[in-house]
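A.B. asks: Next input, structure requested:
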Amino acid sequence: MTGGTVCVEIAVLDDPRLLNALASLDRQTRKPDRVMIAGSPASPPDLFTEAERRFPGLPIRVVRYPGRAVDAREGSLSVIDEEFTAYLDSDEIAPPDWLARLTAPLAAGRADFTGGPTRPTRPPQGSIEQYVDLLERSIYEDLVGRSVSYLPLQNTGWRTSVLRTLHFDPTIPGAEDYDLEIRAVHAGHRGEYVPDAWVYHDKSDETDLFRWISRRYRLYHVPMAMALLKNGELAGRLQERRRPVRHPLRFLDAAMKPPALLDAAFRERRRALTASTDQSAQG
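C.D. replies: Alright, predicted model coming up:
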């Protein structure tokens, strides 16, 4: 299967594991037509220079956008010419058939976006790694089967035209993938989960409990609640029956949700007011 051109985008700030991700792309049976490295102005140039030197066979293009990963992904939409866009994170390694499997439903015309699961690069070590691994398994084994809107962006493929129509919402960084996929489903776009399109995910960089709590609250719980409120999905989410992740950290994780919801409600209200003011000014 070679139908349709494909851009693989990796948003990165300063992660040397990018070179491992690129090495895995260099081994793909379905070669990417472009590899977009989307970095910020603060990204060290040596890393990108080394990437281009080490992988001359990859059609690498380095672009820089101010802000966060969501800003880079949104900004890059204007320069992606390929029919399909796939997202891979710098801490992931793709097996040789990954891109072919991920894009096959797109090329066959039966899906507008696809996604696959993750596997740990090694057996999880330490309490945080173990919990994160169990969480990711829960997403793919329990939640994605109910709705493809649960797919994390880090291993997904899209019709580029759909991305250009929907765009990323930079006001909810950390849950822009969930927001995008909810809106895609609401708009009638077809999503397909592809279990065989898996990638290795390195979760070994988070070992400090207090740092993990802070990041989990700021970059997951609050933006996720904002996405639910924005798209009218909160009531349905609260009524879901989910299998509990059997790990002591789930109690700490659950304790973050009520304050995160209050925080998100305030931020979402402020975001909606700002958007309304901007529309009035334009009108």
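A.B. asks: Which residue ranges of this protein form helices?
C.D. replies: Taking DSSP state H as the criterion, the chain carries its helices at 18-26, 45-54, 69-76, 98-107, 126-138, 160-166, 176-186, 209-216, 222-230, 234-239, 249-282.
A.B. asks: what packs against the fourth one?
C.D. replies: In this case it means helix 98-107. Under the contact criterion of 3 or more C-beta pairs under 8 Å, 6 or more residues apart in numbering; DSSP states H and E, helix 98-107 touches strand 6-11, strand 84-88, strand 113-115, strand 155-159. Glycine gets a C-beta too; all of them are placed from N, C-alpha and C.
A.B. asks: For Arg73, which of these is the nearest?
C.D. replies: Among these, strand 6-11 comes nearest to Arg73, with 5.8 Å by C-beta to C-beta.
A.B. asks: Roughly how far does the spatially closest residue to Pro59 that is not a sequence neighbour sit from Leu58?
C.D. replies: Leaving out its chain neighbours, the residue that sits closest to Pro59 by C-beta to C-beta, 6 or more residues apart in numbering is Arg34, at 5.0 Å. For Arg34, the distance to Leu58 equals 9 Å [C-beta to C-beta, to the nearest Å].
A.B. asks: what's around Asp71, how many residues?
C.D. replies: By the other C-beta atoms under 10 Å criterion, the neighbourhood of Asp71 contains 18 residues.
A.B. asks: measure it to Leu151 for me?
C.D. replies: 21 Å.
A.B. asks: Next, count neighbours for the nearest residue to His221 once chain neighbours are set aside.
C.D. replies: Using C-beta to C-beta, 6+ apart and skipping residues adjacent in sequence, the residue nearest His221 is Ala260, 3.6 Å away. Here the number of neighbours of Ala260 (other C-beta under 10 Å) works out to 20.
A.B. asks: I'd guessed Ala260 sits against Tyr217; true?
C.D. replies: Yes: judged on C-beta atoms under 8 Å, Ala260 makes contact with Tyr217 at a distance of 6.0 Å.
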